[in-house]
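# The amino acid sequence is not available; the structure is as follows:
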């Protein structure tokens with residue numbers, strides 16, 4: 001997006017998305033990944049996360065980790081996310097939600 005979106009719009013998009021792909025090349029600790037997980041408590045959306053993102057260490061146990069410089073890796077991650085079983089989605093989301101609810105401010 002080449003425009004800003006309000007927090008309400010971002011939350012709505014996070015709720016509706018089946019997959020979130022955060023492919024930062026370098027960052028501190030963006031809240032976007034954590035907000036996506038919090039918004040996905042019903043749908044158990046899949047998070048594809050750059051290994052260079054600040055949230056990688058915290059959410060790596062449930063996210064599909066990628067190197068954003070490797071386009072084949074990125075394509076494979078998208079395919080994996082789109083065909084992932086509901087059970088695996090729920091298990092991965094559960095691991096990440098546990099971290100989000102335990103170590104971040106209440107949502």
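Okay, I see it. This is a predicted model, so every value here is computed, not measured.

# list the helices and strands the helix or strand hosting residue 101 packs on?
Residue 101 belongs to helix 86-103 when assigned by DSSP states H and E. Packing contacts for helix 86-103, counted by 3 or more C-beta pairs under 8 Å, 6 or more residues apart in numbering; DSSP states H and E, involve helix 32-39, strand 46-50, helix 56-59. (C-beta placed from N, C-alpha, C; glycine too.)

# With respect to residue 70, which of those lies nearest?
strand 46-50 (10.6 Å; C-beta to C-beta).

# hmm, back to that, buried sites along the helix holding residue 101?
Using 16 or more other C-beta atoms under 10 Å as the test for burial, helix 86-103 gives 89, 92, 93, 96, 97, 99, 100.

# Make JSON lines from those and add distance to residue 30 to it.
Formatted as JSON lines, these follow (distance: C-beta to C-beta, whole Å):
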{"residue": "89", "distance to residue 30": "22"}
{"residue": "92", "distance to residue 30": "19"}
{"residue": "93", "distance to residue 30": "19"}
{"residue": "96", "distance to residue 30": "15"}
{"residue": "97", "distance to residue 30": "18"}
{"residue": "99", "distance to residue 30": "15"}
{"residue": "100", "distance to residue 30": "13"}
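
# could you point out which element follows the lowest-mean-pLDDT helix or strand in the chain?
Within the chain, confidence by mean pLDDT, DSSP states H and E is lowest for helix 56-59 among all helices and strands, at a mean of 87. Counting by DSSP H and E, the next helix or strand C-terminal to helix 56-59 is strand 64-66.

# Quick one: residues in contact with that next one.
23, 46-51, 56, 73-74, 77, 80-81 (C-beta atoms under 8 Å, 6 or more residues apart in numbering).

# Which pLDDT value belongs to residue 27?
If you check residue 27, the pLDDT there is 68.
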